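S.K.: Show me the folded form of this:
(chains A, B, C and D)
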2 protein chains.
Amino acid sequence: MEIEQRLNEVLVKLFRLVNSIEEQAVKTEEYKNITTNDMHVIEAIGIGSPKNMTAVAKRLGVTTGTLTIAVNGLVKRGFVERVRSEEDRRVVLVSLSEKGKEVFAHHQKFHEEMIEAVVSRLDEGEKGVLEKALKNLNDFFSEKSGKRLR
Amino acid sequence: MEIEQRLNEVLVKLFRLVNSIEEQAVKTEEYKNITTNDMHVIEAIGIGSPKNMTAVAKRLGVTTGTLTIAVNGLVKRGFVERVRSEEDRRVVLVSLSEKGKEVFAHHQKFHEEMIEAVVSRLDEGEKGVLEKALKNLNDFFSEKSGKRLR
DNA sequence: ATAAATAATTTGACCTTCAAATTAGAACCA
DNA sequence: TGGTTCTAATTTGAAGGTCAAATTATTTAT
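M.R.: Next up, the predicted model:
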């Protein structure tokens, strides 16, 4: 079979599984009540300095209204802290609580495991090839979507 | 920077973009009113012989109730045909209409373009490396999800 | 001071999803 | 045969996510 065809197949399979895997990676014993959606918001807020709602919404590609609702739930469950900015009182700054940071770290670990699984049987040259290929894919998607990657 | 870290970044970016890209790839001039969700159902039904609801639902990883609703919309808009089986009158067989097949083919073309974008600047050896890496990733996901790939 | 712009929230509508209840038909078997 | 059980699909009701538009509060510009 053509290598192009095999690549297509493996990519299709990957994409098909991404959602359900993320879900399972997120829902472990300790963090039962976290949806994939919650996880994406937590990732977008990140462990850096507090971010305003508009910036996080933009990063996620949703409206601020949608984000408000998601953040409501995360605040209620103690994963996110919400403070009104002193400099500009229209602005709301969100950041991860200790509990939120734990979840973030846990998810990071999943990503690390994933990368480890991919590269553990590749030598240095092969890793370089993989990176090149993924960048091509990324460029293709960026063009198609018109979005800039962050 | 570590190559592992760069690979992680590029993979995260990819996954983040997959949904919005699929959406845009699907919604062209001719096929405005098709969601990503519709597209996944159309893909799962496929161009082969008619399939029953349970099989398609399993392939998609949703309940048959959910699939019923999705298929209602696709039938109403003329992309899918729904026939009750003669051998077993409990069974409903779904298949793509001509219009549905056109959409399927259109989406196939998108996949081909995507692969072309990835491999066009790789030589044969590099393609082999990429395939190996993607298989590792696939294996990792298969294990994590417990699902068998189809 | 007043008007315009900006940040976030609220509201209302729509869609997707699931679990559970329901309907209809098939399979078993005594 | 008749009755029980199983199976396939649909329907229903609740929950969650999404958006656009309206609203509230605050800042910036004139």
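
S.K.: which residues of chain A fall in strands?
M.R.: Taking DSSP state E, the strands of chain A run over residues A:51-52, A:80-84, A:92-96.

S.K.: Near DNA strand C, which residues of chain A are found?
M.R.: Contacts of chain A with DNA strand C, taken as CB under 7 Å from any atom of the strand, map to A:52-55, A:64-65, A:67-69, A:71-72, A:82, A:88, A:90-93. Placement of C-beta: from N, CA and C, glycine included.

S.K.: how about the closest residue to A:Y31 other than its chain neighbours, what does it touch?
M.R.: If the residues on either side of it in the chain are set aside, A:Y31 comes closest to A:V103, at 5.6 Å by CB to CB, 6 or more residues apart in numbering or on different chains. By CB atoms under 8 Å, 6 or more residues apart in numbering or on different chains, the contact set of A:V103 is A:31, A:34, A:39, A:42, A:79, A:96.

S.K.: how near is A:V103 to A:E2?
M.R.: Distance of A:V103 to A:E2, given as CB to CB, to the nearest Å: 43 Å.

S.K.: Just the buried ones from the residues of chain A next to DNA strand C, in PyMOL syntax?
M.R.: Remark: buried members of those, expressed as a PyMOL selection using 16 or more other CB atoms under 10 Å in any protein chain shown:
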select buried, chain A and resi 52+53+67+71+92+93
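
S.K.: restrict the residues of chain A next to DNA strand C to those near chain B?
M.R.: Among those, no residue is within reach of chain B (CB under 8 Å from any CB of the partner chain).

S.K.: Please narrow the residues of chain A next to DNA strand C to those residing in helices.
M.R.: A:53-55, A:64-65, A:67-69, A:71-72 (DSSP state H).

S.K.: need the residues you listed in a markdown table with pLDDT, can you?
M.R.: Supplementary listing: those in a markdown table, determined by pLDDT from 0 to 100:
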| residue | pLDDT |
| --- | --- |
| A:M53 | 98 |
| A:T54 | 97 |
| A:A55 | 97 |
| A:T64 | 98 |
| A:G65 | 97 |
| A:L67 | 98 |
| A:T68 | 98 |
| A:I69 | 97 |
| A:V71 | 98 |
| A:N72 | 97 |
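
S.K.: need the residues of chain A near DNA strand D, please.
M.R.: So chain A meets DNA strand D at A:35, A:37-38, A:61-63, A:65-66, A:69-70, A:73, A:88-90 (CB under 7 Å from any atom of the strand).

S.K.: between the residues you listed, which is nearest B:A117?
M.R.: Taking CB to CB as the measure, B:A117 lies nearest A:G61 of the residues of chain A next to DNA strand D, at 21.9 Å.

S.K.: Neighbour-wise, give me the winner out of the contacts of A:V103.
M.R.: A:F79 (26 neighbours; other CB atoms under 10 Å in any protein chain shown).

S.K.: got the contact list for it?
M.R.: Counting by CB under 8 Å, 6+ apart, A:F79 touches A:34, A:38, A:42, A:96-97, A:99-100, A:103.

S.K.: Next, format the residues you listed as a markdown table and append pLDDT.
M.R.: Formatted as a markdown table, those follow (pLDDT from 0 to 100):
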| residue | pLDDT |
| --- | --- |
| A:I34 | 89 |
| A:D38 | 94 |
| A:I42 | 96 |
| A:L96 | 98 |
| A:S97 | 97 |
| A:K99 | 94 |
| A:G100 | 95 |
| A:V103 | 92 |
